[in-house]
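Enquirer: Kindly generate the corresponding structure for this input.
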Amino acid sequence: MKDLQVTVDSSNKMIALGEILSRELRPGDRLLLRGDLGAGKTTLVKGIARGLGFDGVVTSPTFTIMQVYLGTLPIYHLDFYRLDDRDQDGDEWEESYYGDGVTLIEWPPENVAPGDIVIEIEVVDLDYDSPRLVRLTVPADRGHILEVLKNHADLEY
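Expert: Model prediction:
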């Protein structure tokens, strides 16, 4: 596994990070999004969805559990905040886990499967407007994702 930490100081930059990241995603990718309430997980998803050609409204699926957005790839946006570990591995998620799209899971299960991309978002000082530290961890064979992100001068490392 390889990782990179990025400092993001606005919601616009979080969306931009998502757009840049989306260019490196491929069918079957599963991104595990970790962070406290209000950290910016759904904002990052907005950027990923935009980068994958979805131009509609992206909302947190906290109450619906899953939203599907159709872009250049299907985007499965799940939120497991209200589910326990047993419910997170059910057959009803199989299409989104192993389908032809990209799966983005907020409040994911603790276990990380081979190939998962883990994104942890931390609010720097408990102020809603404070910068976020975003740590991306990718499988070793996907290290090029981190290289692409490093080549964007508008992101701070």
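Enquirer: What helices and strands are in contact with whichever strand or helix holds A49?
Expert: Using DSSP states H and E, A49 sits within helix 41-51. Applying 3 or more Cβ pairs under 8 Å, 6 or more residues apart in numbering; DSSP states H and E, one finds that helix 41-51 contacts helix 11-22, strand 30-35, strand 74-79, strand 102-106, strand 117-123. The C-beta positions use only the backbone N, C-alpha and C, and glycine is treated the same way.
Enquirer: Make a markdown table out of these and add mean pLDDT, mean neighbour count and distance to R132.
Expert: Compiled in a markdown table, these are given as follows (pLDDT from 0 to 100; neighbours: other Cβ atoms under 10 Å; distance: least, Cβ to Cβ, whole Å):
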| stretch | mean pLDDT | mean neighbour count | distance to R132 |
| --- | --- | --- | --- |
| helix 11-22 | 95 | 20 | 7 |
| strand 30-35 | 96 | 21 | 8 |
| strand 74-79 | 93 | 23 | 18 |
| strand 102-106 | 94 | 25 | 15 |
| strand 117-123 | 96 | 20 | 5 |
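Enquirer: related to what we said a few turns ago, show me how far the helix or strand following the helix holding A49 is from its chain's centre.
Expert: On the C-terminal side of helix 41-51, the nearest following helix or strand under DSSP H and E is strand 66-70. Centroid displacement of strand 66-70 relative to its chain, using Cα atoms, centre = their mean, to the nearest Å, is 14 Å.
Enquirer: what does stretch 54-64 give?
Expert: Stretch 54-64 sits 13 Å away from the centroid of its parent chain (Cα atoms, centre = their mean).
Enquirer: buried sites along that stretch?
Expert: Neighbour counts over stretch 54-64 (16 or more other Cβ atoms under 10 Å) mark F54, V58, S60, P61 as buried.
Enquirer: what comes into contact with that stretch?
Expert: Residues from elsewhere that reach stretch 54-64 (Cβ atoms under 8 Å, 6 or more residues apart in numbering): 41-42, 45-46, 49, 67, 69-71, 75, 77-79, 81-82, 106.
Enquirer: quick one on the thing from earlier: contacts for the helix holding A49, please.
Expert: Under the criterion Cβ under 8 Å, 6+ apart, residues 11, 14-23, 25, 31, 33-35, 58-60, 69, 71, 75, 77, 102, 104, 106, 119, 121, 134 lie in contact with helix 41-51.
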